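Asker: Generate a structure from the sequence data that follows.
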Amino acid sequence: MVGHLSAGPAGPAPGTGGAVQHRRPGRHGRGHDEHRDGGEVGVGAPVVLRFGETLPDEAKAAVERQLSVTASRTVEGAWAWLPDTAEGSRVHYRPRSYWPAHTRVHVRGALRGLDLGGGTYVTDDLDRTFTVGRSQVVKADTRSHAIVVVRDGAEVARYDASYGLESDPRRVTRSGVHVVMAKSEKVLMSNPDYGYVDEPQFWAVRISNNGEFIHANPASSWAQGNRNVSHGCINLSTRDAKEFFASAVFGDPVEVTGSSQPLTAADGDLYDWSIPWDEWRSLSALS
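Answerer: Have a look, this model is predicted:
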């Protein structure tokens, strides 16, 4: 679940979850909601609140004091303020380990009237629910040249794959826990340094913001199952990619292991699971 709070003319980046508004004298912005309240997510889905401007430390602490997460099953979790971006501040919530399957989660924030500094204040409370569905985790060992789909603890699929070329650090598939962020039947991919622009790829499941997808690529079919030759994506056959695409939902973990480069903050928004738990807790504005 991803929500947004924003002020100013630029507005927020699109995402999934709830929208909360905050206002400056003479101008305001509203967050965009792409994921309906009450929607279903994977066991690795973080709660994400984005702000349309950079908040001072005092405002971050004030916001966090008003936030609460309750779940239908016992879950240990914590909020963490990740580094501010050009778009503004952001706070994420995740459990210590993956959400239990079939858990209902309620996110509340008594934020109405909260002073964020600089004449900006929140005009709406936050009140959103979502449901964690079945547990689906992708085991992606780059050395195996395959991915394994584990659903509710049982292996349900194994697909031949080709990962990023290890001899080029810019093409390595990053090791770490990714999460499914979005999916599209067709994506135009570009990397001019490697000679391709707006190349259509199909049955594409995004797992990071650095260009990593799990997708169909018939051009690498000769390597799938025996060599890693991609530009960082996980290449599957068209049949396998279409089947995996149908099963993937936002928040499904994709656990990549065996490569020489780790997943880090440089790789995009949702690197939450690459941060050790003690470090995660230290990122609270109240710590």
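Asker: Stretch 173-187: which residues count as buried?
Answerer: Judged by neighbour count using 16 or more other Cβ atoms under 10 Å, the buried positions of stretch 173-187 are Thr173, Arg174, Ser175, Gly176, Val177, His178, Val179, Val180, Met181, Ala182, Lys183, Val187. (Each C-beta comes from the backbone N, C-alpha and C, glycine too.)
Asker: measure Arg171 to Arg94 for me?
Answerer: From Arg171 over to Arg94 the distance is 29 Å, taken as Cβ to Cβ, to the nearest Å.
Asker: on that earlier part again, out of the buried residues of stretch 173-187, which is nearest to Val249?
Answerer: Nearest to Val249 among these is Val180, at 6.5 Å by Cβ to Cβ.
Asker: Which residue ranges of the stretch 1-150 of the chain form strands?
Answerer: Assigned by DSSP state E, counting those that start in this stretch, the stretch 1-150 of the chain shows strands spanning 2-6, 19-24, 27-29, 40-41, 47-51, 67-71, 77-85, 88-95, 103-109, 115-117, 120-122, 126-132, 136-141, 146-151.
Asker: Buried deepest among those strands, which one?
Answerer: Across the strands of the stretch 1-150 of the chain, averaging neighbours per residue (mean count of other Cβ atoms under 10 Å) puts strand 2-6 on top, at a mean of 28.
Asker: count of residues packed around the nearest residue to Arg65 once chain neighbours are set aside?
Answerer: Nearest non-adjacent residue to Arg65, counting by Cβ to Cβ, 6 or more residues apart in numbering: Leu286, 7.0 Å away. Number of residues near Leu286 (other Cβ atoms under 10 Å) recorded here: 9.
Asker: Repeat that for Gly113.
Answerer: If you count neighbours by other Cβ under 10 Å, Gly113 ends up with 11.
Asker: repeat for Ser282
Answerer: Here the count is done by other Cβ under 10 Å, and Ser282 has 12 residues near it.
Asker: Next up, the contacts around it.
Answerer: The contact partners of Ser282, taken as Cβ atoms under 8 Å, 6 or more residues apart in numbering, number zero.
Asker: Could you do Met181 as well?
Answerer: The contact partners of Met181, taken as Cβ under 8 Å, 6+ apart, are Arg206, Ile207, Ser208, Asn209, Phe250, Asp269, Leu270.
Asker: show me the contacts for the residue lying closest to the last one once chain neighbours are set aside.
Answerer: Spelled out, that is Leu270. Leaving aside its chain neighbours, Leu270 sits nearest to Val179 (5.2 Å; criterion: Cβ to Cβ, 6+ apart). By Cβ under 8 Å, 6+ apart, the contact set of Val179 is 42, 44-46, 207, 250-254, 270, 272-273.
Asker: about what we covered before: can you add mean pLDDT and distance to Ser220 and give the strands of the stretch 1-150 of the chain back as TSV?
Answerer: Output for the strands of the stretch 1-150 of the chain, formatted as TSV (pLDDT from 0 to 100; distance: least, Cβ to Cβ, whole Å):
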stretch	mean pLDDT	distance to Ser220
strand 2-6	50	32
strand 19-24	36	40
strand 27-29	27	43
strand 40-41	96	30
strand 47-51	93	33
strand 67-71	97	41
strand 77-85	97	33
strand 88-95	96	33
strand 103-109	97	38
strand 115-117	91	48
strand 120-122	89	49
strand 126-132	96	34
strand 136-141	98	16
strand 146-151	98	14
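Asker: For those, give me a markdown table that also has distance to Gln201.
Answerer: Output for these, formatted as a markdown table (distance: least, Cβ to Cβ, whole Å):
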| stretch | distance to Gln201 |
| --- | --- |
| strand 2-6 | 25 |
| strand 19-24 | 31 |
| strand 27-29 | 34 |
| strand 40-41 | 25 |
| strand 47-51 | 26 |
| strand 67-71 | 36 |
| strand 77-85 | 27 |
| strand 88-95 | 29 |
| strand 103-109 | 33 |
| strand 115-117 | 41 |
| strand 120-122 | 41 |
| strand 126-132 | 29 |
| strand 136-141 | 18 |
| strand 146-151 | 17 |
